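K.L.:
mind looking at a prediction? Sequence and model below.
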Amino acid sequence: MYRIITIEREFGSGAAEIARDLSNRLGWTLWDHALTEEIAKLSHVECAAVEECEERVDSTFRRLAKVFWRGSYERSMPLADDQSFDADCFVATGQQVMKKVADAGNCVVVGRGAPYFLREHPDTFHVFLYAPRAERLRRLRLLGKGEREAEDLVNTVDRDRIIFVKHYFNADWPTRSLYHLMINTAIGNEIVISTILNTMRGLEHKSGTSLTGLPQDQHAVQSHR
């Protein structure tokens, strides 16, 4: 039975909105910006210190850490103002949080290395969301990004994620073999969500279990209400 969905994404593909609607549909916990807050809490970071830290000039991998762990609507991951808290500590703290998330289950996790940290968990369903450049720019403009800013973010964020994943996980980004599904979000959010749920139900049907532990007919009613 799948208890966790990880959603990795290209920048601007609409993953935050899709993950939110998916978690609401299932009645599961959404770990998106809440993950950044949990990591900040474990690192003993005050909100004021976080805001100040975002204005500082970062070293290469410190900057990449913020990019990779951006949360809902791609907000930057909080980092402590203590210079000893570098990207290595950042990843280590993230691993602790991922273990806590995995133990709790019944959740949708957006980005933050979840497919890599949870790659050995058989109860985890991995999804990668992508979109054509024009679609990503369109979605970013809807979020209030200017044309130049949107272009710059699309050009740089995923490139930085590639470097970060290679450095810390010795893997290519995206690592296609990790994912059960890779979906073009240009087909529409509702179709994306339906595809995820239908594929999960299909795989669980083969093993004789349902997504939430309910009989298949009951789950079908619950997931489409």
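P.N.:
Structure's in. What do you need?
K.L.:
you'd agree Glu120 is in a helix?
P.N.:
No. Judged by DSSP: H, G, I helix; E, B strand; the rest coil, Glu120 forms no part of a helix; its state is coil.
K.L.:
what number of residues are in the vicinity of it?
P.N.:
With neighbours defined by other Cβ atoms under 10 Å, the count for Glu120 comes to 7. Where C-beta positions appear, they are placed from N, C-alpha and C, glycine not excepted.
K.L.:
and stretch 150-166, what's its mean pLDDT?
P.N.:
Per-residue pLDDT over stretch 150-166 has a mean of 87.
K.L.:
in the protein, which spans are helices?
P.N.:
15-26, 33-42, 47-53, 60-68, 87-104, 114-117, 133-142, 147-169, 189-207, 216-223 (DSSP state H).
K.L.:
how about Lys99, nearest residue that isn't a chain neighbour?
P.N.:
Phe117 (7.9 Å; Cβ to Cβ, 6 or more residues apart in numbering).
K.L.:
what's the pLDDT at the one you found?
P.N.:
91.
K.L.:
what is the burial count for it?
P.N.:
A count of nearby residues for Phe117, using other Cβ under 10 Å, gives 22.
K.L.:
didn't it look like it was pressed against Gln96?
P.N.:
No. Contact between Phe117 and Gln96 fails when scored by Cβ atoms under 8 Å: they sit 9.8 Å apart.
K.L.:
low-confidence regions, the protein specifically.
P.N.:
Scanning the chain with the threshold set as pLDDT under 70 gives 45-90, 208-225.
K.L.:
and the residue nearest to Lys145 when sequence neighbours are not counted, how far from Leu129?
P.N.:
Distances taken as Cβ to Cβ, 6+ apart place Leu153 nearest to Lys145, at 7.0 Å, with adjacent residues excluded. Leu153 is 16 Å from Leu129, where distance means Cβ to Cβ, to the nearest Å.
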